[in-house]
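In: Need coordinates for the below:
(chains A, B, C and D)
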There are 2 protein chains.
Amino acid sequence: MPAVDIRSLAKHLNLSPGTVSKALKDSYEISAETKKRVLSLAKKLNYVPNAYASGLRKKRSKTIAVVLPEVADSFFSIAINGIESVAQQKGYHVLIYLTHENFLKEKTILNDFKSGRVDGVLISVTRETIATKHILELQSSGMPVVLFDRIVDQIETAKVRTNDFESGYIATQHLIKRGCKNISYLSNSKSLGITNERMEGCRKALEENDLSIKKNFFIECSNDEANNYKRIKSLLSQKDCPDGILVSIEKLTIPVYQVCNELKLNIPGSLKVIGFSLSPSASILNPAITTITQPAYEIGEAAATLLFKSLEKSNFDLKNEKIILPSVLTIRSST
Amino acid sequence: MPAVDIRSLAKHLNLSPGTVSKALKDSYEISAETKKRVLSLAKKLNYVPNAYASGLRKKRSKTIAVVLPEVADSFFSIAINGIESVAQQKGYHVLIYLTHENFLKEKTILNDFKSGRVDGVLISVTRETIATKHILELQSSGMPVVLFDRIVDQIETAKVRTNDFESGYIATQHLIKRGCKNISYLSNSKSLGITNERMEGCRKALEENDLSIKKNFFIECSNDEANNYKRIKSLLSQKDCPDGILVSIEKLTIPVYQVCNELKLNIPGSLKVIGFSLSPSASILNPAITTITQPAYEIGEAAATLLFKSLEKSNFDLKNEKIILPSVLTIRSST
DNA sequence: TTGAAAGCGCTAACAG
DNA sequence: CTGTTAGCGCTTTCAA
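Out: Numbers count the residues shown, from 1 in each chain, chains lettered A, B, ... in the order given. Reported below is the predicted structural model:
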């Protein structure tokens, strides 16, 4: 099957390629009659314009890039949904790039965007990302960039995120209200790179309630599951074991529950647990876990919407856009 | 910043664009000396070739499309990881398209691939997909297509999936071995569209063990959570309530556990539960749920690998490739 | 209202 | 070994 191009359409209709092109675009220069003929033949032959030819000519790819640290994590999967739904509606295509939390990869990926492959970029940076030259450079090449979830403060552009600081604060307040005096914050060591808002919120709540920060306040986990398990077990085995835990990374809930089970520590009796989580199974854990849930879909959707605004309106300034979508506290039996 | 193109490189070096192009490609026609000069300037000016220009010229986009029913579901998120890792290694880009289980959308998306935007397609079809014309048409336009997970039997091409039939069989055998006599299979009504291998496997196990198919064997759920809950509750409230349940859709585990909790039905005492699941929290449910887990990452990886083989070797015939990666039964306390 | 022609940036034949 | 040229398929002036 020889692909049908604009020239073959033109030949069939005894028109010039230029005229056909305009007719397809519904240009005012073209007569209604001609438009009808062109459209009808185009439909009949199922003409699909070559994306690379028109992209080259117009210097627009009708494509956006989404750069993510990972995607197995449910936050980003859901965010992709939000992004994709907006893009599909706008007739845009979505390229996905995973950095696997690797700064160098992020740099390489962004640099490649100078190829004109995409018209705009949505990015959630890696935990390692401190330097911002690669993003600034991309911006100064004229590429609109929207940051979401994992924000970099120094970059001037649209930012969409949740209220991490407040979430940490609210979660901790909740634990304190439930009687906790000795609270630990569980996180991944690597996330120290970007300012850990949640932890700061947690800290603030402790301070406001005159609860001292104990040496076991911050428990640093890693990607080594066995090790995390050990660390948590040792935490919960000791004498002045915490009476409340704030689990800032979803998957760390698992060792916490496992250890409690093994040590026969009653939740919420001896230990109250609250977790950042998007998992629908929160409600069937035993006990059902109190969670802070991020509006992942909405964050993706909002970020994409901003990007398209800047793509469609030349006078739209991304710099002025900051959106904060609040996370939701759902109280269940674990507290 | 005026984007640096191949002509500006040529001018700087007093060479012709053609020579520069060849040098960048490390062509044998070019002297080592010239190559060095070109490469060094290209690096210095951070030259990134225009993807649309070279794509148009070479009729290759260095991009593949991944067409998925959804992505919130963890199976597909993990599969994307597998796909992306192979693509990144091969220097390819990955476009994501979500059909949201909508056949018409799937058709529209595939039709657009005639634009030359992608060199190959990985697809997991919607539950509604019975007709195959859109896929055949894409193939006959010369596009390599690899099916994964949600396979269509009628299409002749590479297929990568797990052993759904056997998984259903094995899961059911397990329940029977644990003493179940009255087993129900929980699924989503819509998945009736594609042949439900898992259910057939389940059926076969029942038959082999001379267990009759009761009227409550197949429980049809939907996307209406409240309704699913009601249906499951009514199932588990009646006199000849099942003593074993095979949950074929991950999220249906939630109402099952909730109902058991509400009715004070002991798992595994009164009811044994086994679920198809990729959720790491399986082990902290109470009781920990016995699962069948699909090798999602590996399926994505294998599918992508096949696609790239066909992209790289003209003599590679996708038709002959069928890969079945077995799911894994993990026995926990719910059975 | 339509057509002709140039050119987006790159590559590949061919010539030198 | 390097340069010239044509052209990928489309859009967009400009001219008719």
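In: From now on I want contacts and neighbour counts done on CA atoms only, so please keep to that.
Out: Will do.
In: can you give me the strands for chain A?
Out: For chain A, strands defined by DSSP state E occupy the ranges A:63-68, A:93-98, A:120-123, A:145-148, A:158-162, A:183-188, A:218-221, A:244-247, A:272-276, A:290-293, A:322-325, A:328-330.
In: Let's have the ones you listed in CSV, adding mean pLDDT.
Out: Below are those laid out as CSV (pLDDT from 0 to 100):
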stretch, mean pLDDT
strand A:63-68, 98
strand A:93-98, 98
strand A:120-123, 98
strand A:145-148, 98
strand A:158-162, 97
strand A:183-188, 91
strand A:218-221, 88
strand A:244-247, 96
strand A:272-276, 96
strand A:290-293, 97
strand A:322-325, 98
strand A:328-330, 97
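In: Now those in a markdown table, please, with extra columns for distance to DNA strand C.
Out: What follows is the strands of chain A, written out as a markdown table (distance: least, Cα to the nearest atom of the strand, whole Å):
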| stretch | distance to DNA strand C |
| --- | --- |
| strand A:63-68 | 17 |
| strand A:93-98 | 20 |
| strand A:120-123 | 17 |
| strand A:145-148 | 21 |
| strand A:158-162 | 27 |
| strand A:183-188 | 42 |
| strand A:218-221 | 46 |
| strand A:244-247 | 49 |
| strand A:272-276 | 46 |
| strand A:290-293 | 45 |
| strand A:322-325 | 33 |
| strand A:328-330 | 47 |
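In: wait, which of those is closest to residue B:91?
Out: strand A:93-98 (11.5 Å; Cα to Cα).
In: What is the closest one packed up against?
Out: strand A:63-68, helix A:74-90, helix B:74-90, strand B:93-98 (3 or more Cα pairs under 8 Å, 6 or more residues apart in numbering or on different chains; DSSP states H and E).
In: Flag the shaky bits of chain A, pLDDT-wise.
Out: With pLDDT under 70 as the threshold, chain A has low-confidence stretches at A:1-2, A:189-195.
In: Look up how far chain B lies from the closest residue to residue A:178 other than its chain neighbours.
Out: By the measure of Cα to Cα, 6 or more residues apart in numbering or on different chains, the closest residue to residue A:178 outside its immediate chain neighbours is residue A:335, 6.9 Å from it. If you measure residue A:335 against chain B using Cα to the nearest Cα, to the nearest Å, the figure is 17 Å.
In: does stretch A:134-143 come close to chain B?
Out: Yes: using Cα under 8 Å from any Cα of the partner chain, stretch A:134-143 reaches chain B at A:140, A:141.
In: can you pull the buried residues of that stretch?
Out: A:134, A:135, A:136, A:138, A:139, A:143 (16 or more other Cα atoms under 10 Å in any protein chain shown).
In: re earlier: so what's the residue nearest to residue A:178 up against?
Out: A:175, A:178, A:267, A:268, A:272, A:273, A:274, A:289, A:290 (Cα atoms under 8 Å, 6 or more residues apart in numbering or on different chains).
In: for the residue lying closest to residue A:163 once chain neighbours are set aside, what are its contacts?
Out: Excluding the flanking residues, the one nearest residue A:163 by Cα to Cα, 6+ apart is residue A:326, at 5.3 Å. Residue A:326 makes contact with A:162, A:163, A:167, A:294, A:295, according to Cα under 8 Å, 6+ apart.
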